[in-house]
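Novice: Next input, structure requested:
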Amino acid sequence: LQFIVLIPIFWWIVNWVGNSAKRAWFLSAFFTVLFFAWILFYDIEVFHGPHMHQWYLLDRVMPSFFIFGVYGIMMWQFKEKFAAFSQRRWWQLLIAMVLIFGWTNHELFSFGFPVNLYNATYYKPSMVFYCLVIISLISTYAFRSIKSHSFNLPIFHFLANYAYRAFLSHVFWLEMIILTIWPWVKFLPLSLAVVICYLGTWIISFGSAVGFHVVWKYVKRIV
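Specialist: Okay, the predicted model is just below:
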């Protein structure tokens, strides 16, 4: 909902930046400094900080994710340059992903076992870098698929149409899967149990999103 309020600001950024690389670099640098100042503040003061119980909802407010909208605008405004750069540097992005993946897991496991998912917050410097690298790799693959007219595009377009709706229900379906199959899964190795729960959640979440969409279209047609 906050993004709806921010849309006019994003439109202003699009119009002001235009095709000016200088303006794009200026705004990117400006918002990057503000964003990482905010992330460091959250990391120090809230995440295991003195205000972890009072201010924990700060990760839900706009400064915590505004930068992804700004970077998305810049990437789209200069998509040809980004596509050319990412096609040349994809292997470096892949190496960066592996290194940062190791960094984030080292941080998570440093809190000991069993793993507490509160410590897996994505409002940490390491997780921000990880998200940006993953987004860059996905974008690189997307640009390459579009350029080569990949046969995968219709599949991705179909899934993208239901992705957000599937995301909204995935925690519900994960809980239902765990409650249903726990008597059998608890005897399996943890890695196998995670794969079963992940694939089951993914399939049922998308299936329910498509199913509800079809039912809703039918209901609208008869009502």
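Novice: so what's the most centrally placed residue in the chain up against?
Specialist: With distances taken as CA atoms, centre = their mean, Cys131 lies nearest the centre of the chain, 6.3 Å away. Taking CB atoms under 8 Å, 6 or more residues apart in numbering as the contact definition, Cys131 lies against 68, 122. (Glycine included, C-beta is placed from N, CA and C.)
Novice: Which secondary structure state is assigned to it?
Specialist: helix (DSSP: H, G, I helix; E, B strand; the rest coil).
Novice: From Thr121, how far out is it?
Specialist: As for Cys131, its distance to Thr121 is 12 Å (criterion: CB to CB, to the nearest Å).
Novice: Ok, Met127 next?
Specialist: Remark: distance between Met127 and Thr121 (CB to CB) = 7 Å.
Novice: just the helices in the protein please.
Specialist: Here the chain has its helices, by DSSP state H, at 2-17, 21-45, 66-77, 79-109, 125-147, 153-185, 190-222.
Novice: Let me know whether Pro125 touches Leu40 as I believe.
Specialist: Yes. Proximity of Pro125 to Leu40 meets the contact threshold set by CB atoms under 8 Å, at 7.0 Å.
Novice: Identify the contacts common to those two.
Specialist: Applying CB under 8 Å, 6+ apart, one finds that no residue jointly contacts Pro125 and Leu40.
Novice: quick one, phi psi at the closest residue to Tyr56 other than its chain neighbours?
Specialist: What sits nearest to Tyr56 in space, not counting adjacent residues and going by CB to CB, 6 or more residues apart in numbering, is Val46, at 6.2 Å. Backbone geometry at Val46, expressed as degrees, to the nearest 10, gives phi -110, psi -50.
Novice: same deal with Gly18?
Specialist: Per degrees, to the nearest 10, the backbone of Gly18 is at phi 60, psi -130.
Novice: Give me the nearest residue to Thr140, chain neighbours excluded.
Specialist: What sits nearest to Thr140 in space, not counting adjacent residues and going by CB to CB, 6+ apart, is Ser86, at 4.0 Å.
Novice: Number of residues surrounding the one you found?
Specialist: 20 (other CB atoms under 10 Å).
Novice: Return the residues in contact with it.
Specialist: For Ser86, the contacting residues are 93, 136, 139-140, 143, by CB under 8 Å, 6+ apart.
Novice: tell me which of these is nearest to Lys81?
Specialist: Of all these, the one with the least separation from Lys81 (CB to CB) is Phe143, at 11.1 Å.
Novice: Correct me if wrong: that closest one contacts Ala83.
Specialist: Yes. With contact taken as CB under 8 Å, Phe143 and Ala83 are classed as touching, separated by 4.0 Å.
Novice: overlap in contacts of the two?
Specialist: Jointly contacting Phe143 and Ala83 under the rule CB under 8 Å, 6+ apart is no residue at all.
Novice: hmm, back to that, if I look at the residue nearest to Tyr56, how far off is Thr121?
Specialist: With distances taken as CB to CB, Val46 is found 9 Å from Thr121.
Novice: The two - which one has more neighbours?
Specialist: When Val46 and Thr121 are compared for neighbours, Val46 comes out ahead with 20 against 16, by other CB under 10 Å.
Novice: just checking, that one touches Val61?
Specialist: No. Using CB under 8 Å, Val46 and Val61 do not qualify as a contacting pair, with a distance of 11.6 Å.
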